[in-house]
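Engineer: model this:
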Amino acid sequence: MIIITLLVSRVWFPPDQSNKVAKAYVDFLKDNPPDKTIEKTIAIAVGSDEDGTLLVYGIGEIMKGMESEALKRTTQQNLFMASKIDGLKYKAEIFLDFTEAYKILGMTAPEV
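Structural biologist: You can find the predicted model right below:
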């Protein structure tokens, strides 16, 4: 079993904003290259809903103890994107690995 803490970011926007989103993402990365000491990208997936709204899911592995930094960076990226794109919305969530979740309860996780 792989035990990791995840950052899951979901971004959605109208299809007519696709080119602006792609350009804004590249622009953000120019000044903010990925920092693998904070988070390692596992997947970036693109899809759409039944109304044609485009959805982008980003899933990253957060390095031990870097939850705050990972959330700060993804929030900065999402705010940057939202300032450039009409109708862009986002949500970011951290999912603790279950050993960390047990620690919050003052317990030790069982062996699996």
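Engineer: C-alpha from now on. contacts and neighbour counts both.
Structural biologist: Noted.
Engineer: so what's T41 up against?
Structural biologist: With contacts taken as C-alpha atoms under 8 Å, 6 or more residues apart in numbering, T41 has the following neighbours: G58, I59, G60, E61.
Engineer: Report pLDDT for the second one.
Structural biologist: Here, the pLDDT recorded for I59 equals 97.
Engineer: Just name the closest of the contacts of T41 to D27, please.
Structural biologist: G58 (17.4 Å; C-alpha to C-alpha).
Engineer: From I94, how far off is the closest one?
Structural biologist: Spatial separation of G58 from I94 under the definition C-alpha to C-alpha, to the nearest Å is 12 Å.
Engineer: shared neighbours of those two, anything?
Structural biologist: A shared contact of G58 and I94, defined by C-alpha under 8 Å, 6+ apart, is any residue touching both; here these are L7, V8.
Engineer: Quick one: the helices in this structure, in order.
Structural biologist: Chain-ordered helices for the chain, with DSSP state H as the definition, fall at 18-31, 67-84, 98-104.
Engineer: thought G58 was touching A45?
Structural biologist: Yes - with contacts counted by C-alpha atoms under 8 Å, G58 reaches A45, the gap being 6.6 Å.
Engineer: out of these two, which sits in the busier spot?
Structural biologist: When neighbours are counted by other C-alpha atoms under 10 Å, G58 and A45 differ, and G58 comes out ahead with 18 against 10.
Engineer: what bridges to the more buried one?
Structural biologist: Using DSSP bridges, the bridge partners assigned to G58 are S9, I44.
Engineer: got a list of what it touches?
Structural biologist: By C-alpha under 8 Å, 6+ apart, G58 lies in contact with L7, V8, S9, R10, T41, I42, A43, I44, A45.
Engineer: could you redo the last one with a cut-off of 10 Å?
Structural biologist: G58 makes contacts with 7-11, 41-46, 74, 92, as judged by C-alpha atoms under 10 Å, 6 or more residues apart in numbering.
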